[in-house]
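In: only geometry, no sequence info:
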């Protein structure tokens with residue numbers, strides 16, 4: 001394989017390791033005496049529902065509703081019995097009417113539960129936008145505005161979800177309160193640094209350790225514009241979420257079934273099978289995408305030029321979620337996402353260093369405002385860009401990395417992968 005082919009192979013291995021059909025069946029409990037009702041939200045939740053449906057005994061009751069992103073519903077195999085779990089589609093990263101409708105359908109699926117029943121919640125990244133139920137006195141428009149502000153302010157995913165949990169009628173453990181008296185099992189695929197359950201889809205079925213004061217601190221830090229009445233409710237603690245130890249979680253258990261570390265370990269093994277040393281840098285790298293790209297380039301240069309801290313040939317692997325802070329102009333004209341922006345920054349830092357290749361891509365198959373998952377850079381990326389009249393530095397400044405890599409033919413285009421364990425990055429040094 002050529003270096004770009006090898007990098008694409010490592011990405012494919014990482015994604016396959018986290019596919020619901022591979023990881024979910026081993027975590028399923030025995031069927032209860034009564035009904036099993038499945039709910040869920042996230043980019044992987046449609047595939048999780050399909051995997052559960054296929055593995056669940058055909059003679060045991062199974063029903064429910066989950067919501068996933070448009071285009072992220074996996075095909076149902078010909079010849080199989082009709083699916084028993086309804087999979088609805090809605091918008092991401094900003095909620096829409098379809099998400100509101102899907103959330104009401106999920107709430108309706110929880111009616112009439114008994115202690116003999118079981119609720120299985122399938123949660124994955126993206127659920128924060130897909131599962132939407134505005135607070136009393138708020139409308140969908142208000143929640144959409146909140147999401148847009150959070151997306152462009154540059155806050156970390158932990159900060160973003162701290163706010164979203166407190167300004168929702170369904171997130172931050174509130175959905176769990178609708179499931180009594182039935183016990184509940186949450187199966188989660190993590191796309192967040194640290195694998196905190198409360199941050200996956202903003203934790204609708206698990207306790208929230210953060211407070212209204214924490215949410216206010218984020219709002220103040222980034223100057224978010226919210227109604228004065230809502231700010232006062234936060235100050236008075238009226239929008240507090242259920243905390244660890246709350247009786248609502250007495251019959252609730254939760255399991256992580258796939259994580260960023262899992263996919264990095266799978267990629268590392270594939271690299272070793274290809275004859276390379278593999279080194280996992282971190283499964284939780286955060287920060288501005290262009291800064292993280294510069295850091296990866298610096299590490300690649302150190303290995304290539306000084307054989308420190310590792311000897312080539314080798315591959316450096318990392319995961320995590322970066323941020324892109326947009327200005328008003330970029331919001332209107334820029335194309336791409338955090339992975340392509342990271343890659344363009346890395347290409348500029350590497351300046352065509354011989355023997356260094358790199359890939360960064362979102363494991364859900366979609367990188368921000370783009371049809372690509374990410375991109376690949378090679379030692380001749382900048383040379384080819386210059387030949388096509390592309391100004392790499394100006395395009396990075398304009399947050400237009402998507403068009404940069406599209407023009408070069410270096411985008412990664414897998415389409416929806418039906419899972420989501422955050423971003424995957426690999427630096428190959430020959």
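Out: Received, thanks. Everything numeric here is computed off the predicted structure, so don't read it as measured data.
In: okay, now the domains of the protein?
Out: Segmentation of the chain into domains, based on automatic domain parsing, reads 3-12+260-429, 20-258.
In: number of residues surrounding the nearest residue to residue 96 once chain neighbours are set aside?
Out: Leaving aside its chain neighbours, residue 96 sits nearest to residue 90 (5.9 Å; criterion: Cβ to Cβ, 6 or more residues apart in numbering). For glycine as for every other residue, the C-beta is placed from the backbone atoms N, C-alpha and C. Neighbours of residue 90 under the rule other Cβ atoms under 10 Å: 23.
In: any idea what residue 90 is bridged to?
Out: In this entry, residue 90 is beta-bridged to residue 69, by DSSP bridges.
In: circling back: dump the domains of the chain into CSV; add mean pLDDT as well.
Out: Formatted as CSV, these follow (pLDDT from 0 to 100):
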stretch, mean pLDDT
domain 3-12+260-429, 94
domain 20-258, 96
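In: phi, psi of residue 275?
Out: With angles defined as degrees, to the nearest 10, residue 275 sits at phi 90, psi 20.
In: dump the residue contacts of it.
Out: Residue 275 makes contacts with residue 313, as judged by Cβ atoms under 8 Å, 6 or more residues apart in numbering.
In: hmm, back to that, so the residue nearest to residue 96 sits right up against residue 65, yeah?
Out: No - between residue 90 and residue 65 no contact is recorded; they are 11.7 Å apart, counting by Cβ atoms under 8 Å.
In: overlap in contacts of these two?
Out: In contact with both residue 90 and residue 65: residue 102, using Cβ under 8 Å, 6+ apart.
In: could you measure from the residue nearest to residue 96 over to residue 159?
Out: Taking Cβ to Cβ, to the nearest Å as the measure, residue 90 falls 24 Å from residue 159.
In: for residue 62, same thing?
Out: On the measure of Cβ to Cβ, residue 62 and residue 159 end up 38 Å apart.
In: who has more neighbours, these two?
Out: residue 159 (21 against 18).
In: which residues does the spatially closest residue to that one that is not a sequence neighbour contact?
Out: In space, and not counting its chain neighbours, residue 159 is closest to residue 218: 4.6 Å by Cβ to Cβ, 6+ apart. By Cβ under 8 Å, 6+ apart, residue 218 lies in contact with 155, 159, 160, 162, 163, 224.
In: can you redo these as JSON lines with secondary structure?
Out: As requested, these are arranged in JSON lines below (DSSP: H, G, I helix; E, B strand; the rest coil):
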{"residue": "155", "secondary structure": "coil"}
{"residue": "159", "secondary structure": "helix"}
{"residue": "160", "secondary structure": "helix"}
{"residue": "162", "secondary structure": "helix"}
{"residue": "163", "secondary structure": "helix"}
{"residue": "224", "secondary structure": "coil"}
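In: now, which of the residues you listed sits nearest residue 372?
Out: Using Cβ to Cβ, residue 160 is the member of the contacts of residue 218 that lies nearest residue 372, at 23.1 Å.
In: give me the element residue 372 is part of.
Out: For residue 372, there is no enclosing helix or strand under DSSP states H and E.
In: how about the nearest residue to it, chain neighbours excluded?
Out: Nearest one to residue 372, counting by Cβ to Cβ, 6+ apart, is residue 411 at 3.8 Å.
In: hang on, the one you found packs against residue 404?
Out: No - at 9.6 Å, residue 411 does not count as touching residue 404 under the criterion of Cβ under 8 Å.
In: of those two, who's got more company?
Out: residue 404 (28 against 23).
In: I'd like to know how many residues surround the closest residue to residue 414 other than its chain neighbours.
Out: Counting by Cβ to Cβ, 6+ apart, residue 365 is the residue found nearest to residue 414 once chain neighbours are left out, at 4.9 Å. Other residues lying near residue 365 total 23 when counted by other Cβ under 10 Å.
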